[in-house]
Structure formats: structure tokens, C-alpha cells
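> Take this sequence and fold it.
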Amino acid sequence: MTVNNLALTKQEKKIVTLAALGGMLEFYDFIIYGIFSVYFAHQFFPSGNEMVSIIESYVVFILGYIARPIGGIIFSHVGDEHGRKKVLIITIILMGLSSLGIGLLPTYEQIGIFAPIGLLIFRLLQGFALGGELPSTYVYINESMPHKRGTGFGITMTGVNSGLLLGMIINHGLSLILTTEQITEYGWRIPFIIGGALCVLSYKIRQSLQETTAFERIENKPDFPIVYLFKNHLPQMIAGIAATAIMSGLVVVAIVFMPTYLSKMLGVDTKIISYIMPIALLLNVTTIYITGRFANHASPYIILRNLLLSSIILAPLSYFAISYGYILIGVSILSILEGIAAMIIPMLITYLFPAQIRLTGVALSYNISFTIFGGLAPIVISSAINSGVGIYTAPISFIAIIITCSIFGLIYAKRHSEESIS
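The predicted model follows:
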């Protein structure tokens, strides 16, 4: 395929811009919980042990991930039956409401047990919405520009992960304007309120999206896509769940959980962290864009294979660097690895399923993997460290597990994909 053929048309530029912006706001809303929970954990889960409060706050974090497969099932049914656009509009409304709700939620001291219950409800709502949001975005890009998927996914995922960067920038800005005590008292609420406001903007933008041609051409839609999926495409779903482990695990370990890990477990000053994380995230989104351009010329199978082989060496090396005080280098290595995974995994799993159940297959594969390997990461690592496992051994061991799962998933995906990825 020539370079000219890879240039985006005006309509394609509009599609990836809208998808990238919407994904950025969605990911921002979901990710700021991981960034700022270190500040508000004790306000909703009072305890004499700070580590216990953090672990309890991450139990709610996990429950948000558990809600993702449920949201994926429901919204994928809507998307496979009534269209991808409808899901993208509904989910952005839910995300905005839940983000604003967390930002305005009274603390345990003010309303007692209703505070953690309210936090749980809003987190479940966030997870429920995100379970349909990102898979719908992936399918939308896959079907809208089938001959330029590398560019489409590269730009879209650059936008999606820029939501992480936006969260880090706001965290850095707050650390410059407010003291740690002020952020702990009320400043942590600001990012959630901003997220709610930004979702209103995204809602307005998404109304201008058009339905995909691939969806409009579907004939003989199954009455129950999930039943059809389990009956006819279970191997593909298993492959998708396992392959996605490297993305779901790394995004949490390297980005979402990293500020808490550095601050509460390694004792790194929060202001230093507020400088390190935006730099690492900038490398992350740059890596995603470059990988997308490269993916126009190389199969996702080859890219993912090379990523997994590199991770076997580079992931332990990153924590080795952190242990010797080279924190920026260590975090940057992990962020670059996550950037490659964040681009190639969504593209690869859309290859696994036929159009009539594509959204259902992608949503279940993606969300189940994120629940298992992403949602459990903070509490597994925190609990392991709290139980005496080495402070560097715990995250390295977890990463080793997700690499192993993805290797098996990649082998299985190549064998069972609907489209050639070799």
C-alpha cells in the first residue's frame, strides 16, 4: 500500500478526531480515580492504617472493573442491534454523571456509611459505561477505515491515552497551586468536576458521528449476540481475553497505580511524581502514534510478538532502574511498552470476530481481560507488598504473569482470527 493511499480523507480525519477526543475524555474520567484515590481514600474508608485505607479504596476500583463486562454485554447488544453511534452517545452521558457525582460526594465524616456506598455506585456506573464505550470506539474505527486501520487506531489510541496525560497534567497543576493538605481536603474533587463538564462537550461532538457502513450492511443479525458468540466463536474470545492481558495489566501497573506505588510504597515525594508522570505519558502517547504508523506496514501479530519478547527483558529492567533511583527512566520504559500494547491490542482483537457480533466479541474479550488483569493489579500488588513480598518483586511478578497469558493469547489469536494477522 502506497503512502498516498494511507493519507486520510476529510471524512476519515473527522472520524478519528471525534473518536480520539471522545475516548480521551472517557479515559480521563475513569483514570483520575486511580491518580487521586491516594488523597481521598481515608475520607471514605477511615482506618488507623493508611495502607488498609488504600487497599479498601482499590476494592471499589476493582468493582468498577467488574461492572465493565456487564456494561459490555448490554451495550454491545445495543451496538450490534441498533448501531455503534447510539452506544457512544449513551456512554458519554453516563461517564459525565458518574464523574460529577464523585466530585460532589460528601465524605464518611459527613454522611457516614452512605459515603463509601455512593462512591461504589458511581464507580460501578463508570465501569458500566466504559464497558461499552471503548470497545464501540475500536469497532467503529475498524469498520470506518478498514484499509487504514494502523493510522486510524494510532490516532484514536493516541487520543484515548491522552486522557491519562490530561489527568497527570491536572495533577501536576494542582500540586503547584495547592499544598498536599489542600489537595487532600478538597483539591482532589476538582478533576472529577472538570471531567463531568468535559463529557458535556464530548456529547455534543459525538452527535455528529455517522453510523458505519459495515454495520448498515449486516444481514441475519443473531437475536442474542452473546449466545451466538459463545456457541460459535468461544476460541476467539478466549484468545482476545488472553492477548489483552499485556495491555490491561500494563496500563494499570505503569500508569494508573504508579503514582500510589511511588508515593505510598517507595516514599517518593508527590511533587516529584507530578513531574515524572506527565513526561512518561508524553512518551506513551508518542509511542502509540508511531506504532500506528508502523502498523500500516506490519501485521499486529508481529508487533505484539516483538513487544512480548521485549517486555520479558525491559519490564524487570524498569524496576531495577527505579530501585536505584532512576525513577523517570524506569517509569518511561513501562510507559513505552504500554503505548505499543495500547495501540496494537485493540486493533488485533477487532480482527477476531465477524461483523454481526464484532462489538459483542470485542467488548467481552476486552472487558473480561481488564477486569482480571487490570482491575486486580493494584490490590494484588498492594496486598502482596503488605504481606511481606518484595516491594519490587511483587509488580515484576505480576507483569510476568500478564506476559505469559498474552503469549498464549497471541498464539491462539493467530490460529482462530476471522481475518489474517500473520
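> Quick one: low-confidence residue ranges for the protein.
Scanning the chain for pLDDT under 70 picks out 1-6, 22, 26, 30, 47-58, 61, 83-84, 205-220, 416-422.
> What helices and strands are in contact with the helix or strand hosting residue 110?
Element membership for residue 110 (DSSP states H and E) is helix 108-111. With contacts defined as 3 or more CB pairs under 8 Å, 6 or more residues apart in numbering; DSSP states H and E, the packing partners of helix 108-111 are helix 10-44, helix 114-144. For every residue, glycine as well, the C-beta is placed using N, CA and C.
> Which stretch among those approaches residue 346 most closely?
Among the helices and strands packed on helix 108-111, the nearest to residue 346 by CB to CB is helix 114-144 (4.3 Å).
> Quick one: distance of the closest one to the chain centre.
On the basis of CA atoms, centre = their mean, to the nearest Å, helix 114-144 sits 10 Å off its chain's mean C-alpha point.
> how about that helix: buried residues?
Within helix 114-144, the residues scored as buried using 16 or more other CB atoms under 10 Å are 115-116, 118-119, 121-144.
> So for residue 92, which of the helices and strands packed on helix 108-111 sits nearest?
Closest to residue 92 of those is helix 10-44 (CB to CB; 6.3 Å).
> Point out the other helices and strands that the closest one packs with.
Short answer (3+ CB pairs under 8 Å, 6+ apart): helix 10-44 packs on helix 50-82, helix 84-104, helix 108-111, helix 114-144, helix 149-177, helix 189-206, helix 258-260.
> From residue 265, how far out is residue 320?
Separation of residue 320 from residue 265 (CB to CB, to the nearest Å): 16 Å.
> When these two are compared, which one has more neighbours?
Higher neighbour count among residue 320 and residue 265: residue 265, with 19 against 15, using other CB atoms under 10 Å.
> Isn't the more buried one up against residue 385?
Yes - with contact defined as CB atoms under 8 Å, residue 265 reaches residue 385; the gap is 6.0 Å.
> joint contacts of the two?
Residues touching both residue 265 and residue 385 (CB atoms under 8 Å, 6 or more residues apart in numbering): residue 391.
> related to what we said a few turns ago, make CSV out of the helices and strands packed on helix 10-44 and add distance to residue 342.
Below are the helices and strands packed on helix 10-44 laid out as CSV (distance: least, CB to CB, whole Å):
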stretch, distance to residue 342
helix 50-82, 16
helix 84-104, 19
helix 108-111, 35
helix 114-144, 11
helix 149-177, 5
helix 189-206, 20
helix 258-260, 15
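> between these, which gets nearest to residue 340?
That would be helix 149-177 among these, by CB to CB, at 10.4 Å.
> which secondary structure elements does the closest one contact?
Counting contacts by 3+ CB pairs under 8 Å, 6+ apart, helix 149-177 is packed against helix 10-44, helix 114-144, helix 189-206, helix 270-295, helix 327-350.
> I'd like the next helix or strand past that helix.
As assigned by DSSP H and E, the chain's next helix or strand after helix 149-177 is helix 180-182.
> what's in contact with that next one?
Residues from elsewhere that reach helix 180-182, judged by CB under 8 Å, 6+ apart: residue 270.
> go on, stretch 309-320?
Against stretch 309-320 from outside (CB under 8 Å, 6+ apart): 246, 329-331, 333-334, 337, 392, 395-396, 399-400, 403.
> Buried ones in that stretch, by neighbour count?
Buried residues in stretch 309-320 (16+ other CB under 10 Å): 311, 315-316, 318-319.
> And for stretch 383-398?
Buried residues in stretch 383-398, defined by neighbour count with 16+ other CB under 10 Å: 384-386, 392, 394-396, 398.
> May I ask which two of the residues you listed are separated the most?
Greatest spatial distance among those (CB to CB): 386 and 396, at 16.8 Å.
> Please name the nearest non-neighbouring residue to residue 331.
residue 280 (4.5 Å; CB to CB, 6 or more residues apart in numbering).
> Please give me every residue in contact with the one you found.
By CB under 8 Å, 6+ apart, the contact list for residue 280 reads 254-255, 328, 331-332, 334-335.
> Out of those, who's the most crowded?
When neighbours are taken as other CB under 10 Å, the top entry among those is residue 254 (31 neighbours).
> Residue 336 and residue 260, how far apart?
Relative to residue 260, residue 336 is positioned 21 Å away (CB to CB).
> Outside of the helix holding residue 110 itself, list whatever touches it.
43-46, 115-116, 118.
> CSV for those, including distance to residue 344?
Output for the contacts of helix 108-111, formatted as CSV (distance: CB to CB, whole Å):
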residue, distance to residue 344
43, 39
44, 37
45, 37
46, 43
115, 40
116, 38
118, 38
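> from the residues you listed, which single one is nearest residue 172?
For the contacts of helix 108-111, the minimum distance to residue 172 (CB to CB) is 22.1 Å, reached by residue 43.
> Can you give me the buried ones in stretch 264-277?
Across stretch 264-277, burial judged by 16+ other CB under 10 Å covers 264-265, 268, 270, 273-274, 276-277.
> Out of these, flag the one nearest to residue 239.
residue 277 (32.5 Å).
> so what's the closest one up against?
Residue 277 makes contact with 168, 171-172, 255, 258-259, 331, according to CB under 8 Å, 6+ apart.
> My read is that residue 380 contacts residue 399, right?
No - the pair residue 380 / residue 399 is not scored as a contact, 11.5 Å apart, by CB under 8 Å.
> Looking at those two, which one has more neighbours?
For residue 380 versus residue 399, neighbours defined as other CB under 10 Å are more numerous around residue 399 (26 against 18).
> Check the gap between the more buried one and residue 281 for me.
Noted for residue 399: a distance of 19 Å to residue 281, by CB to CB.
> One more: residue 81?
Distance check for residue 81 against residue 281: by CB to CB, it reads 37 Å.
> related to what we said a few turns ago, distance to residue 70 for the helices and strands packed on helix 149-177 - can I get that in a markdown table?
Compiled in a markdown table, these are given as follows (distance: least, CB to CB, whole Å):
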| stretch | distance to residue 70 |
| --- | --- |
| helix 10-44 | 15 |
| helix 114-144 | 6 |
| helix 189-206 | 21 |
| helix 270-295 | 28 |
| helix 327-350 | 19 |
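> nearest to residue 364, of these?
Judging these by CB to CB, what sits closest to residue 364 is helix 114-144, at 8.4 Å.
> on that earlier part again, let me know the closest of the contacts of residue 277 to residue 99.
Using CB to CB, the contacts of residue 277 come closest to residue 99 at residue 171, 15.3 Å.
> Return the closest of the buried residues of stretch 264-277 with respect to residue 354.
residue 277 (40.0 Å).
> got a list of what the closest residue to residue 282 other than its chain neighbours touches?
Spatial nearest neighbour of residue 282, excluding adjacent residues (CB to CB, 6+ apart): residue 165 at 6.4 Å. By CB under 8 Å, 6+ apart, the contact list for residue 165 reads 278, 281-282, 284-285.
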